[in-house]
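[1] Kindly generate the corresponding structure for this input.
(chains A, B, C and D)
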Protein chains: 4
Amino acid sequence: MNNQYDQKQLEAAWSTGKAFVDRGRVAAYIPELAKQDPGQLGVSVCLPDGTFLNTGDTDVCFTLQSISKLFSLIVALCQNGPDEVFSRVGKEPTGDPFNSIIKLETIKPHKPLNPMINAGAIAVAGMIQGKGVEERLDSILDLLRKMTGNPDIRVNEEVYGSEKKTADRNRALAWFLKDSGVLTADVDETLDLYFRHCAIEVTAQEVARMGMVLAADGFDRCTGEQLFPQAIARICKTFMVTCGMYNASGEFAIDVGIPAKSGVAGGILATVPHRMGIGVFGPALDDKGNSVAGVKLLEQLSREWKLGIF
Amino acid sequence: MNNQYDQKQLEAAWSTGKAFVDRGRVAAYIPELAKQDPGQLGVSVCLPDGTFLNTGDTDVCFTLQSISKLFSLIVALCQNGPDEVFSRVGKEPTGDPFNSIIKLETIKPHKPLNPMINAGAIAVAGMIQGKGVEERLDSILDLLRKMTGNPDIRVNEEVYGSEKKTADRNRALAWFLKDSGVLTADVDETLDLYFRHCAIEVTAQEVARMGMVLAADGFDRCTGEQLFPQAIARICKTFMVTCGMYNASGEFAIDVGIPAKSGVAGGILATVPHRMGIGVFGPALDDKGNSVAGVKLLEQLSREWKLGIF
Amino acid sequence: MNNQYDQKQLEAAWSTGKAFVDRGRVAAYIPELAKQDPGQLGVSVCLPDGTFLNTGDTDVCFTLQSISKLFSLIVALCQNGPDEVFSRVGKEPTGDPFNSIIKLETIKPHKPLNPMINAGAIAVAGMIQGKGVEERLDSILDLLRKMTGNPDIRVNEEVYGSEKKTADRNRALAWFLKDSGVLTADVDETLDLYFRHCAIEVTAQEVARMGMVLAADGFDRCTGEQLFPQAIARICKTFMVTCGMYNASGEFAIDVGIPAKSGVAGGILATVPHRMGIGVFGPALDDKGNSVAGVKLLEQLSREWKLGIF
Amino acid sequence: MNNQYDQKQLEAAWSTGKAFVDRGRVAAYIPELAKQDPGQLGVSVCLPDGTFLNTGDTDVCFTLQSISKLFSLIVALCQNGPDEVFSRVGKEPTGDPFNSIIKLETIKPHKPLNPMINAGAIAVAGMIQGKGVEERLDSILDLLRKMTGNPDIRVNEEVYGSEKKTADRNRALAWFLKDSGVLTADVDETLDLYFRHCAIEVTAQEVARMGMVLAADGFDRCTGEQLFPQAIARICKTFMVTCGMYNASGEFAIDVGIPAKSGVAGGILATVPHRMGIGVFGPALDDKGNSVAGVKLLEQLSREWKLGIF
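    A predicted model of the protein is given here:
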C-alpha cells in the first residue's frame, strides 16, 4: 500500500491541469494529430510495487512522437555502446528549437548537440542495427513491449502515413547529417524508421509503467528482468532533465524538477528516481510543444508529493 | 578592327594569371572535377562585332557549374516574370558561403537571399516550367545554344552522375525550401534539373560569346535576335556584381569592377556592358571557389583596358 | 546647357516620390530625428559643368547619418592606404541588418564584413589619425567643406547629443571590436568621433555636389582640384552598389542601378559615374531605413534618364 | 563519524585527478590568473554534521570567477523575487559559449538565456539593489561570509584590477543588454560589481561549506540559520545541472551527475542534495574552461560514493 501518494491529491492535480486545456492547441502540422480532442487529460502513476493510480483519460491511445527518442537512444546505446553513439551525437542542451538546423552548420564538428532534438534523434535512428527498417523497428518495439508489459504495442499506420507526408524539415536535417558524415545509414530508411517509431501507440498507463522502469534504473520489478543497463537509464534521465521538454526544459526543471520527456501528441513520460513513473496524456499543447495541462498537473504533483530531485 | 583591345595585352594578362595556377586547387568534392588539369588557363574575349581574341585553353570543354545559375534565372524570369520569381527568392547579397543553410531558418519569410547561392538557384530551378525534367532542361539548353551559336551544347553525363552522388547538402537545402513552401515543385525532379544544368559543357570562347549577349542587353548581334528582354539582362548583370563571385563578390567588385559569375569547374563569365564578353577557364580554385588565375587575369585586363564600371 | 536632363522630368519624378511620403516614418530611435517633418522631399542634381537642377526641399538642412560612412572611409583610406584599412574591415556585402553583431562572432577572423555597416564604420573611425577627437573630426569636415564648396559645414550639436544618448548598440559593437583587436584606438573617443560625424549637417544640393565629385572620380571640376585618388573614389562607388542602401542594397541595385548611400535622417547620395551627382532628402523612411519617397524618385529618374550602370 | 565516505577513497579520487593536471592550462586571458600554479589540486568535502574531509590544496586562496554567478543570483532572487528576475533573464540552457553574444540578437525578446552565462550574470548583477557598488557588493559578501563562516571573505584587488582591464567582451554584452532594455542599471557600475564579485577569494574548504548549505536547501546547520529560502536553493541547483559547467554541462551531468558550478580560476562548487558539499580547486583548465583534474576527481568520487542524482 502507498499511503503517501493519495488518489485525491492526484485528482486535485488533474483538476488543476484540466483548467488549462483550453489554453493550448493540438499539434496542427501533422493532420492526424490535428484530429485529437484537445479537452482530453489523463494521468497515471506507476509505483515500485507495480500498482497504479489513474485519473482521467489513461486508457486512450496516443502516439509517442518525441518520447520515442528515449527508446531509440536506449536501443542504440545497447547495440553500439556510448562511445560510438556519442561520437555522432553530443550531450549538450541547446537553446534552439527542436527542429533547428542552424547549429548543424555552425558547430564544428557538425554533429547534433543532443539526441532529444530532431537532428540528434535522426542520427540515433541511423545507428540502430538490423536488416531493413522492419527489423530495426522491431528492436524498438521489443523494448517497448517489455517495458509496458503489452505485447501488442504497434505503430499507428494513419499517423505514420500522415507524419511521412509532412516531414520535409526532417528530410532536410537527415540530408544535412548525411552530407556531414554523421549519418552513414541510408537516408530514406533512416527517416522511415524515425517516422514509424514516432507513431508507436501507447496509453498514459503504459507510459507510467515505462517511467517506472527508468526510475528503477532499467529494472522491471514485475518480471524481475533488467531490461537495459543502469548506466543507460541514467543517461536517459539526465537528457530528460537537460533537454526533455524542448526549449522549455530549463523552466520545467526549475518549476517541476522531475526528469521528463514530452511528445507533440500530448504525452509526457516522467520518472522520479526510485520512486515512480508518471504517464500523462493531454493533447492541447503550449507554444513550445508541451502538453499545457500536463505541465501544470506535474507542477502541482511535484509540489504536493515533493518529487523534485534538486 | 579593334585596335583598342590588343592581343598582346591579353597575352600579358594571361601570363600574369598563369603564374598563379599553382596557388589554387581543382574542386575536390565532385570526383569528376577533381580529374581536371589545374595548369590549364584560357581566356576569350568577344567583341560587339562578333570577333574574338583568344589566348590559351579556349577550346577545352568544362562544365558551367554555378555559371548555369544565370541561365536558369533568365529562363525562370522569361517564363514567370520578375514578380513571381522574386516572391520566392530575394535580391540581396549575403556574407554567407554559397551552400549555407542558416539564413533559410533565421530570415523571415524563409526565402533564399538571392538566386546566385545554391538555395536560391534550387528555388529558381523549381520555377522552370515544362513537362518532366527533359523539357525543362531543354528550355535552358535552347537558350544556351542560341547564346553560343552552338547547337550541340549538351550535358556532360559523367559530371552529372558524379554531381548527383555528392550533393547531399543540396538535398538538405531543397527539402528545407520544400518545407518552407518556397519550393512547390517536386524535390527530386528539381534537384535532377539542377544537377544537370550544372553539368552543361562549354568552352571559354562560348562563354565569351554568352557574355557579349549579356553585355548587349540580351541582343545577339550575330543573328540580330533579341534573345531575352533588356530588363532581364540588367537583373543578371546586377546579381553578377553583388553576388556573382561567391563570398568574394565584394572584393572582386572593388579589385576588378566587372559583372562576373564563376563556377567551381574553373569558368568565369564576365560581361562589360556594351563593350565585350569575356570567358575564362582555369580550374585551379582559390579558397572561395573562384579560379585563382582567372581572377588575377581579369584584374590586369580590367586595369589595362579600363573595363571597370564604377 | 544640358538639354538631355529636363527640369520637368525631375519634377515628375519628385511628384512620383512625393506620393509615397505617407508610406514611411521618420526615424524614431534618435529623438532629434523624430522631430523631422515626414512630408518633406527635395532632390538636387549636380552636372559635370557645375550647374544644378533642383526641386522641392533642396536647401533644408539634415544630418548625414550613415552617408558619413563614405567620408570617414575616404579619409581613412587616404591616411592609411587600402591594405591597412582592409586588414581591419572586409569588402563583402552582408544580408544582415546594419547594426547586427552576430557576424562579428561567427566570422573568423572577427572583422566587420564591410565599412557600410555600423561595426565596419566604427572600425574605420578608429583608423582616422589625429590628436584627439577634434583633430580627427576636422579631417572629415575639411573633406566635406571642399566637396560641398561650403566652408561652414558643421556638426548639429542637438542631433549629436541626441545620438550619443541613444547609442548603446553602437557601444556594444565598439567594445566587441576592441575585444577582437580590430579596434585599437580608444573606444570612447572613437564612438565620439562616430556620433559627431553622423551629425554633420548638409542640404540636398550639397549632397548632389558631393555626388558629382565621386562621379568624377574624386576630381572637383569647380576648383580643378583632385580631392582624393581615383582608386578611392571607385572603392566608394563599389561599396555604394553592394551595400549602400542597408539590406535593401541588392533590390536598389536591380530597380535603380545607381551607386548610392542612404542615411536615417532621410538623405541619399547617388552618383552616376562621369554624368552626375544626385542629392535627395526625404525623412520618411521605409522599414529598411531608406527614404521611401527618395527611392521611388530615383527609380523613376533612372528609368527616364537611363542612369543605370548595368 | 562518516564511515560511508572514506578519506582513502577521497585521496584515491584526488590521485586520479592529479594525473590530469598537465592536460590542462591555467586561464590566460586574465593576467593575474595566468600566474597560478597549474599543478595545484585540492578537494574538500563538507558533510551535514559540519565535518570536513580534505585532500591536497584545500586552503589555497583562489577567486570565485563564474562560481560567483550563483551568489549574485541568490541575492537578486531574495531582493526582487523570481518573477522580476526571470522577466530579465531566462531559465534555458544554451549550446553556445559562455561569452557568446549571438543569441542576444536572435532570440526575441532579447533576454539572456540563463544566469550562468556572462550576459545573464551581468543582467542579474544589474538587479542587485543598494546605493553604489560598495553596498551592492556587501550584499553578496555578507551572504558568502555567512555561508563560509569566514567574516574575512573579501575581493582580491589584483585579480579585480586585472579582470577590469581585460573585459571588453563583457562590456559589449552589457551595452547590448542596456540597448535591449534588459539592463536598466548603470552599465559601468554594474560591470564594476560584476568584476569585483568574480574576484572574491575563497578556499576549497570554504567552497565545500557553501556547497553543503545549498545541499541543505539554504539551511546552515552550523548556525541553525536559514540563509535563503529553499525554493531559491532549488533554483540554483537546477541551473547548476543544466548550465553550471559552461558548454560541457550536459556531459558533466551524464558523467558525474551532481549539480556543480565551475570558475576559470579552477574552482568547482558541487552539491549533493541533503548529503554533502564539495569544493574543488585545480587551476589547470580544459578547453571548455573547467578544471580538468577537478572533473576527473568528481567523476571518480561520484562513482565510488554513488552521488549521482539521476
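
[2] Look at residue A:114 and say how many residues are nearby.
    Residue A:114 has 23 neighbours, counted by other Cβ atoms under 10 Å in any protein chain shown. From N, CA and C alone the C-beta is placed, and that goes for glycine too.

[3] again, but for residue A:142
    Using other Cβ under 10 Å, residue A:142 has 14 other residues around it.

[4] which ones are touching the nearest residue to residue A:123 once chain neighbours are set aside?
    Nearest non-adjacent residue to residue A:123, counting by Cβ to Cβ, 6 or more residues apart in numbering or on different chains: residue A:89, 4.7 Å away. Applying Cβ atoms under 8 Å, 6 or more residues apart in numbering or on different chains to residue A:89 gives the contacts A:111-112, A:114-115, A:120, A:123-124, A:182.

[5] In CSV: those, plus pLDDT and secondary structure.
    Output for those, formatted as CSV (pLDDT from 0 to 100; DSSP: H, G, I helix; E, B strand; the rest coil):
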residue, pLDDT, secondary structure
A:111, 92, coil
A:112, 95, coil
A:114, 96, coil
A:115, 97, coil
A:120, 97, helix
A:123, 98, helix
A:124, 98, helix
A:182, 96, coil
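
[6] are any of those buried, and which?
    For those, a burial check counting by 16 or more other Cβ atoms under 10 Å in any protein chain shown picks out A:111-112, A:114-115, A:120, A:123-124, A:182.

[7] What parts of chain A come near chain D?
    A:90-96, A:103, A:107, A:113-114, A:234-235, A:237-239, A:241-243, A:247-251, A:253-254, A:257, A:259, A:273, A:308-310 (Cβ under 8 Å from any Cβ of the partner chain).

[8] so where do the strands sit in the stretch 51-200 of chain A?
    Along the stretch 51-200 of chain A, the stretches classed as strands by DSSP state E, counting those that start in this stretch are A:52-56, A:62-63.

[9] Parallel or antiparallel, list what pairs with the shortest one.
    Strands adjacent to strand A:62-63 in the sheet, as given by DSSP bridges, are strand A:201-202 (antiparallel).

[10] just checking, next helix/strand downstream of the partner strand?
    Using DSSP states H and E, the helix or strand that directly follows strand A:201-202 along the chain is helix A:204-215.

[11] same for that following helix, what does it pack against?
    Helix A:204-215 sits against strand A:42-46, strand A:52-56, helix A:132-148, helix A:230-243, strand A:267-272, strand A:276-281, with contacts defined as 3 or more Cβ pairs under 8 Å, 6 or more residues apart in numbering or on different chains; DSSP states H and E.

[12] was I right about residue A:65 contacting residue A:267?
    Yes. Using Cβ atoms under 8 Å, residue A:65 makes contact with residue A:267 at a distance of 7.0 Å.

[13] Between these two, which is the more surrounded one?
    residue A:267 (28 against 24).

[14] In this structure residue A:264 contacts residue A:36, no?
    No. Counting by Cβ under 8 Å, residue A:264 stays clear of residue A:36, with 10.2 Å between them.

[15] okay, and the common contacts of these two?
    Contact criterion Cβ under 8 Å, 6+ apart; residues shared by residue A:264 and residue A:36: residue A:27.

[16] And those two? Which one has more around it.
    residue A:264 (23 against 19).

[17] Find the nearest non-adjacent residue to that one, please.
    Nearest-residue entry for residue A:264: residue A:27, 4.3 Å, with adjacent residues in sequence omitted and distances by Cβ to Cβ, 6+ apart.

[18] Which strand or helix spans the one you found?
    Residue A:27 belongs to no helix or strand when assigned by DSSP H and E.

[19] With the one 5 residues further on instead?
    Element membership of residue A:32 [criterion: DSSP H and E] is helix A:31-34.

[20] so, in contact with chain B or not, that helix?
    No. Against chain B, helix A:31-34 shows no contacts by Cβ under 8 Å from any Cβ, the least distance being 15.5 Å.

[21] Show me what that helix is in contact with.
    With Cβ under 8 Å, 6+ apart as the contact definition, helix A:31-34 has outside contacts at A:26-28, A:63, A:156, A:158-159, A:161-163, A:165-166, A:264-265, A:283.

[22] Nearest spatial neighbour of residue A:9, chain-adjacent residues omitted?
    Using Cβ to Cβ, 6+ apart and skipping residues adjacent in sequence, the residue nearest residue A:9 is residue A:304, 5.1 Å away.

[23] Can you name the residues that contact that neighbour?
    A:9, A:12-13.

[24] which secondary structure element contains it?
    helix A:292-305.

[25] ok now do the closest residue in space to residue A:212 that isn't next to it in sequence, which residues does it touch?
    Distance criterion Cβ to Cβ, 6+ apart; nearest residue to residue A:212, sequence neighbours excluded, is residue A:277 at 3.4 Å. Residue A:277 makes contact with A:45-46, A:207-215, A:269-271, according to Cβ under 8 Å, 6+ apart.

[26] switch the cut-off to 7 Å
    Counting by Cβ atoms under 7 Å, 6 or more residues apart in numbering or on different chains, residue A:277 touches A:46, A:208-215, A:271.

[27] Any residues of chain A in contact with chain C? List them.
    With Cβ under 7 Å from any Cβ of the partner chain as the criterion, chain A meets chain C at residues residue A:106.

[28] okay, now the domains of chain A?
    A:7-65+A:201-304, A:67-198 (automatic domain parsing).

[29] got a list of contacts for the longest helix along chain A?
    Longest helix of chain A, by residue count under DSSP state H: helix A:68-88. Applying Cβ under 7 Å, 6+ apart, the contact partners of helix A:68-88 are A:111, A:115-116, A:121, A:123-125, A:127-129, A:139-140, A:143-144, A:182, A:197-198, A:200, A:228, A:232, A:235-236, A:261.

[30] Now which of these would you call buried?
    A:111, A:115-116, A:121, A:123-125, A:127-128, A:139-140, A:143-144, A:182, A:197-198, A:200, A:228, A:232, A:235-236, A:261.

[31] Same list, the helices and strands packed on helix A:204-215, but as JSON lines with mean pLDDT please.
    Output for the helices and strands packed on helix A:204-215, formatted as JSON lines (pLDDT from 0 to 100):
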{"stretch": "strand A:42-46", "mean pLDDT": "98"}
{"stretch": "strand A:52-56", "mean pLDDT": "98"}
{"stretch": "helix A:132-148", "mean pLDDT": "98"}
{"stretch": "helix A:230-243", "mean pLDDT": "97"}
{"stretch": "strand A:267-272", "mean pLDDT": "98"}
{"stretch": "strand A:276-281", "mean pLDDT": "98"}
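
[32] Put together JSON lines for the ones you listed, with distance to residue D:22 on each row.
    Output for those, formatted as JSON lines (distance: least, Cβ to Cβ, whole Å):
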{"stretch": "strand A:42-46", "distance to residue D:22": "49"}
{"stretch": "strand A:52-56", "distance to residue D:22": "55"}
{"stretch": "helix A:132-148", "distance to residue D:22": "43"}
{"stretch": "helix A:230-243", "distance to residue D:22": "29"}
{"stretch": "strand A:267-272", "distance to residue D:22": "40"}
{"stretch": "strand A:276-281", "distance to residue D:22": "45"}
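
[33] So the closest residue in space to residue A:197 that isn't next to it in sequence versus residue B:149, what's the distance?
    Closest residue to residue A:197 apart from its sequence neighbours, by Cβ to Cβ, 6+ apart: residue A:68 at 4.5 Å. Distance from residue A:68 to residue B:149, counting by Cβ to Cβ, to the nearest Å: 60 Å.

[34] Now residue A:45: closest residue in space, sequence neighbours ignored.
    Counting by Cβ to Cβ, 6+ apart, residue A:45 lies nearest to residue A:53, which is 4.2 Å off, once chain neighbours are set aside.

[35] and that neighbour, what does it touch?
    The contact partners of residue A:53, by Cβ under 7 Å, 6+ apart, come to A:5, A:7, A:10, A:45.
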